[in-house]
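>>> mind looking at a prediction? Sequence and model below.
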Amino acid sequence: MILSDRPLKYLDQLGATLSLACAVHCALQPLLLIALPLMGLGFLMDETLETVFLAVTLSMAGWAFFSGFNHHRKGSVFVFWGLAALLIGASRVQFLESYEMLLAVSGALALMSGHLLNQHLHRQYHLQIAPIRATIAKQLGTGLLKTEKISHSCQH
């Protein structure tokens, strides 16, 4: 299922926010190892929970990027997804454990950048293409304009 514009915008905003939260979580992990158990939130540091969270985050980002690509047709967002998946995946590898924080934070920031780029490309598409479509629709009459509103329902 491809997302329409409004849910895509919110998914990118949520994804960017969660990616930033993940980067902060990873950067503060040494402090969190001490503080969270004292607050009764030690389960948040569980390795399995982190892996599930990362898998869900990458899946959600992939869906948002694919939906955005189907709209703006710029594949550059997938570079950020691939880089993020590579860095986050590498952070989970045992023999790279000493670089885990650096890799995970870098991966989260790459994912956040991809979401922000996806939003930017979406806005850019509408600034460049929407006026052209409106002009064509005016020239051809109101019939095309009505069709355009049905097939492309951005609400900016």
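That came in fine, so what should we check first? Numbering: from 1, shown residues only.
>>> going forward, measure contacts and count neighbours with C-alpha atoms only.
OK.
>>> need the contact list for the residue in the chain sticking out farthest from the centre.
Largest separation from the mean C-alpha position in the chain: residue 141, at 38.2 Å (Cα atoms, centre = their mean). If you count contacts by Cα atoms under 8 Å, 6 or more residues apart in numbering, residue 141 has none.
>>> going forward, the N-terminal residue is numbered 42.
Taking 42 as the first residue, the last one we looked at is residue 182.
>>> the longest helix that the chain contains packs against which elements?
As assigned by DSSP state H, the longest helix anywhere in the chain is helix 141-181. Helix 141-181 is packed against helix 46-68, helix 88-113, helix 117-132, helix 183-192, with contacts defined by 3 or more Cα pairs under 8 Å, 6 or more residues apart in numbering; DSSP states H and E.
>>> run the chain-centre distance for it.
Distance of helix 141-181 from the chain centroid (Cα atoms, centre = their mean, to the nearest Å) equals 11 Å.
>>> what of stretch 77-96?
Counting by Cα atoms, centre = their mean, stretch 77-96 comes out at 22 Å from the chain centroid.
>>> only C-alpha atoms, please: export it in PDB.
Backbone C-alpha positions of stretch 77-96 (Å, rounded to 0.1, in the frame of the first residue of the first chain) are rendered in PDB as follows:
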ATOM      1  CA  LEU A  77      17.100   3.200  33.700                       C
ATOM      2  CA  PRO A  78      17.200   0.300  36.100                       C
ATOM      3  CA  LEU A  79      17.000   2.700  39.100                       C
ATOM      4  CA  MET A  80      13.800   4.200  37.600                       C
ATOM      5  CA  GLY A  81      12.300   0.700  36.900                       C
ATOM      6  CA  LEU A  82      12.900   1.100  33.200                       C
ATOM      7  CA  GLY A  83      15.700  -1.400  32.800                       C
ATOM      8  CA  PHE A  84      13.700  -3.400  30.200                       C
ATOM      9  CA  LEU A  85      14.400  -0.500  27.700                       C
ATOM     10  CA  MET A  86      18.000  -1.600  27.500                       C
ATOM     11  CA  ASP A  87      17.100  -5.200  26.500                       C
ATOM     12  CA  GLU A  88      19.100  -6.300  23.500                       C
ATOM     13  CA  THR A  89      16.100  -8.100  21.900                       C
ATOM     14  CA  LEU A  90      13.800  -5.100  22.300                       C
ATOM     15  CA  GLU A  91      16.400  -2.900  20.700                       C
ATOM     16  CA  THR A  92      16.700  -5.300  17.700                       C
ATOM     17  CA  VAL A  93      13.000  -5.400  17.300                       C
ATOM     18  CA  PHE A  94      12.800  -1.600  17.500                       C
ATOM     19  CA  LEU A  95      15.500  -1.200  14.900                       C
ATOM     20  CA  ALA A  96      13.800  -3.700  12.500                       C
END
